[in-house]
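[1] fold the following for me, if possible:
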Amino acid sequence: MVLLHPTYFSPIIQYIAIANCKEIKFEFEDNYQKQSYRNRCYIGTAQGKLQLNVPIKHTKGIKQKTKDVKIDYKDDWNNLHLKSLITAYNSAPFFEYYVDDLLPVFTKKFNFLLDLNLKTHEFVMDALQLEIQSSKTDEFFKESACLDLRKLAVAKSEEHFNLTSYYQVFNENIGFLQNLSILDLIFNEGPNALNYLETQQITF
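    Sure thing, here's the model as predicted:
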């Protein structure tokens, strides 16, 4: 069993862990942390990496549990994210195959960040045709008996995983971009994405 934070269209390394485990446990009882993949992801564009950030409603001076964090829609970020994905991946080999299933993530307004992240996870698992049982924590523990990979949610981490390169739309112009959102792998590799995840030699 692997312990993970539910994150927004998680980085590829998180789905390498998922594809190679028998059961997922999602952390539901943590305090919200800034600068994490809980509310951001990175995609590949002609200019390089682009951060897509989900705005949240802040509570001044009060710590919130991640499960209580609400999304702020005043800036219409969901349509902006969808347009950015279309611009970046419209010419990717498998984008058209998945885009219709992706649309509900951006057309429905989720109240809580956690619900959005679980919806993105549902999309990814369906796209990968991967079925792995998942559960959630009901209490926070600093240490866990599971394989604790909650650290993978830290966006400012400088850890380099040396992932095998695969086709990316802008490879020739900007080179291979490591550990982008899982969407990058799905749109570029399609049905081969799961095989890629399962064959990465990563020691966590």
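
[2] quick one, what contacts Phe110?
    Residues in contact with Phe110 (CB atoms under 8 Å, 6 or more residues apart in numbering) are Ile71, Leu116, Lys119. In short, each C-beta sits where N, CA and C put it, glycine included.

[3] tell me the spacing between it and Ile18.
    21 Å (CB to CB, to the nearest Å).

[4] quick revisit: just the contacts of Phe110 now: which is nearest Thr199?
    Checking these against Thr199 with CB to CB, the nearest one is Lys119 at 27.6 Å.

[5] all strands for this structure, in order.
    2-4, 23-26, 40-45, 48-53, 133-136, 147-148 (DSSP state E).

[6] against which helices or strands is the fifth one packed?
    Spelled out, it's strand 133-136. Counting contacts by 3 or more CB pairs under 8 Å, 6 or more residues apart in numbering; DSSP states H and E, strand 133-136 packs against strand 23-26.

[7] can you list contacts of the strand it packs on?
    Applying CB under 8 Å, 6+ apart, the contact partners of strand 23-26 are 1-6, 18, 118, 132-137, 146.

[8] what of stretch 85-100?
    Outside stretch 85-100, the residues within contact range by CB under 8 Å, 6+ apart are 43-46, 50, 102, 127, 167, 169, 183-184, 186-191.

[9] and that stretch, what's buried?
    Neighbour counts using 16 or more other CB atoms under 10 Å place Leu85, Ala88, Tyr89, Ala92, Phe94, Phe95, Tyr98 of stretch 85-100 among the buried residues.

[10] now render those residues as a markdown table, adding pLDDT.
    Shown next, in a markdown table, are the buried residues of stretch 85-100 (pLDDT from 0 to 100):
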| residue | pLDDT |
| --- | --- |
| Leu85 | 98 |
| Ala88 | 97 |
| Tyr89 | 97 |
| Ala92 | 97 |
| Phe94 | 98 |
| Phe95 | 98 |
| Tyr98 | 98 |
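
[11] show me which positions of the lowest-mean-pLDDT helix or strand in the chain end up buried.
    Least confident helix or strand, the chain: helix 171-174 with a mean of 88, by mean pLDDT, DSSP states H and E. Across helix 171-174, burial judged by 16+ other CB under 10 Å covers no residue at all.

[12] report the distance from that helix to the chain centre.
    The chain centroid and the centroid of helix 171-174 are separated by 23 Å, computed with CA atoms, centre = their mean, to the nearest Å.

[13] for stretch 152-163, same thing?
    The answer for stretch 152-163 is 13 Å, by CA atoms, centre = their mean.
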